[in-house]
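Asker: Could you work out the structure for the sequence below:
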Amino acid sequence: MKRTDQPTSPDTPFFFRDSPLSLPLYLALEERILAELPDTRVRVQKTQISFSNRRNFAFASLLPARRAALRPNPYLTVTVGLGRRLDSLRVDAASEPYPGRWTHHIVIGSAEEIDGELMGWIWEAAEFSAQKR
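Answerer: Coordinates of the predicted model:
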């Protein structure tokens, strides 16, 4: 298993340069995703870090999906694309950008929130994206 203090990409610390306290949350998420979905590719972009198989299925970002007064500090926004709308209080925002394609933003504030429920949604997103043509 990968060490949680070393990201997969050398660009990851730069991504978190303005929010360094969020980096440990990201590292815990990355470690869990790569442990459970080992064929996942990680790509650091300007505004998000994407996790993909054939297609992107999950993202980590600092998107303020929750009002600042209600957002934990530090925080990380996890975004998943699914074929259905999630009915959960953990979902901060959901939209249907295409018919049958739902985007969900989930704000986390601790590594404990990277639990079985969140990972179940990430697994579902990975399966959903792998089936797309």
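Asker: how about the helices in this protein?
Answerer: Using DSSP state H, the helices of the chain run over 12-15, 23-36, 116-131.
Asker: Return the most buried member of these.
Answerer: Compared across the helices of the chain, helix 23-36 shows the largest average neighbour count, a mean of 19 (mean count of other C-beta atoms under 10 Å). C-beta coordinates here come from the backbone N, C-alpha and C atoms, glycine included.
Asker: Might you list the low-confidence residue ranges for the chain?
Answerer: Scanning the chain for pLDDT under 70 picks out 1-7, 133.
Asker: quick one on the thing from earlier: columns distance to Ile106 on top of the helices of the chain, output as TSV?
Answerer: Formatted as TSV, the helices of the chain follow (distance: least, C-beta to C-beta, whole Å):
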stretch	distance to Ile106
helix 12-15	19
helix 23-36	11
helix 116-131	7
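Asker: so Ile122 makes contact with Glu30?
Answerer: No. Using C-beta atoms under 8 Å, Ile122 makes no contact with Glu30, being 11.4 Å away.
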